[in-house]
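Novice: For reference, the sequence and a predicted model appear below.
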Amino acid sequence: QVQLVESGGGLVQPGGSLRLSCAASGSALGISIFWINTVGWYRQGAGKQRDLVAEISRAGSTNYVDSVKGRFTISRDNAKNTVYLQMNSLKPEDTAVYYCAISGQYWGQGTPVTVSS
């Protein structure tokens, strides 16, 4: 029904920035699922569980985990079927594979982020 593809990950030095993208594609029904539901960014570090980082509702309300507040910004562009995660002031502890998901049910394949000097 709907497929999610993340992009924008990579290697960045501490203090640097990256912008992740989560693009949705699929059937008309699948795209509508993307439009009307909350979309979240999650991350999973090596040997750790997958945790929510930020999420954005259909109406644009946002929620962030405390560790990224003031540094990360989530946004969505329904016209482009895309959700973004702007990550600034990156720290080594932000190193993880980042995934996007629709209501925790439809997942992308992830994009790795490494913060290292």
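Specialist: Okay, I see it.
Novice: distance of residue 33 from residue 43?
Specialist: 23 Å (C-beta to C-beta, to the nearest Å). Backbone N, C-alpha and C define where each C-beta goes, glycine included.
Novice: More neighbours: the two, which one.
Specialist: Set residue 33 next to residue 43 and count neighbours by other C-beta atoms under 10 Å: residue 43 wins out with 23 against 18.
Novice: quick one: buried residues of the lowest-mean-pLDDT helix or strand in the chain?
Specialist: Taking mean pLDDT, DSSP states H and E as the measure, the chain has helix 28-36 as its least confident helix or strand, at a mean of 91. For helix 28-36, the neighbour count (16 or more other C-beta atoms under 10 Å) marks 30-31, 33-34 as buried.
Novice: just stretch 71-84 next, same as before
Specialist: For stretch 71-84, using 16+ other C-beta under 10 Å, the buried residues are 72-74, 76, 81-84.
Novice: Rounded mean pLDDT for that stretch, please.
Specialist: Taken as a whole, stretch 71-84 has a mean pLDDT of 95.
Novice: okay, how far is it across that stretch, tip to tip?
Specialist: For stretch 71-84, the first-to-last residue distance is 14 Å (C-alpha to C-alpha, to the nearest Å).
Novice: how about the most centrally placed residue in the chain, what does it touch?
Specialist: Residue closest to the mean C-alpha point of the chain, counted by C-alpha atoms, centre = their mean, is residue 41 at 3.1 Å. Neighbouring residues of residue 41 by C-beta atoms under 8 Å, 6 or more residues apart in numbering: 20, 22, 52-55, 74, 83, 85, 98-100.
Novice: So how do I select the buried members of these in PyMOL?
Specialist: Command for PyMOL that selects the buried part of these, burial taken from 16+ other C-beta under 10 Å:
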select buried, resi 20+22+53+54+55+74+83+85+98+99+100
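Novice: sorry, back to before: list the contacts of the least confident helix or strand of the chain.
Specialist: The contact list for helix 28-36 (C-beta under 8 Å, 6+ apart) reads 1-3, 24-25, 58, 78, 81, 102, 106.
Novice: pLDDT weak spots in the chain?
Specialist: The chain contains no residues with pLDDT under 70.
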